[in-house]
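Participant: next come a sequence and a model predicted from it.
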Amino acid sequence: MRQKRVARERVERVKEILARDLAHPPSLEILGQEVGCSPFYLSRIFSREVGLTIPQYLRNLRMERAAGLLRSGRYNVTEAATEVGYSSLSHFSKAFCETIGCCPVLYPAAKNVILDR
């Protein structure tokens, strides 16, 4: 029981660390050091608790944040991509399309159409 609680706490701590700076996330080794376990064990408990690997979770977090930035109307696609840590616009666009289901250029307009229904 204690082991499961500690694992959950470690996973929550990793989520907090990743959300702090999406543009410069720490390596798996550093995450392990921060929460007090090996990178391999951290990967296993994170996947078990969240259902996603740490890179998959980070990508989803980045895309949700980018979607919010685009929705706000204050960021263009390039600015949103940079803000969440992508230096390649093509990689960002591909990841956004796969995660959100719409190209980032069309996202704000598509979101409004969906909300109007």
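Facilitator: Cool, got the structure.
Participant: low-confidence regions, this protein specifically.
Facilitator: 110-117 (pLDDT under 70).
Participant: now do the domain split for it, please.
Facilitator: 2-51, 58-116 (automatic domain parsing).
Participant: stretch 30-39: how far from the chain's middle?
Facilitator: On the basis of C-alpha atoms, centre = their mean, to the nearest Å, stretch 30-39 is displaced by 19 Å from the centre of the chain it belongs to.
Participant: next one: stretch 60-69
Facilitator: 7 Å.
Participant: give me the contact list for it.
Facilitator: The contact list for stretch 60-69, computed with C-beta atoms under 8 Å, 6 or more residues apart in numbering, reads 18-19, 22, 52, 75, 79-81, 83-86, 92, 95-96, 99-100, 104, 107, 111. Quick note: C-beta positions are derived from backbone N, CA and C, even for glycine.
Participant: please indicate which of the residues you listed are buried?
Facilitator: Taking 16 or more other C-beta atoms under 10 Å as the criterion, what is buried in those is 18, 22, 75, 80-81, 84-86, 92, 95-96, 99-100, 104, 107.
Participant: quick one: which of the residues you listed is nearest residue 28?
Facilitator: Ranked by distance to residue 28 (C-beta to C-beta), the buried ones among the contacts of stretch 60-69 are led by residue 18 at 11.0 Å.
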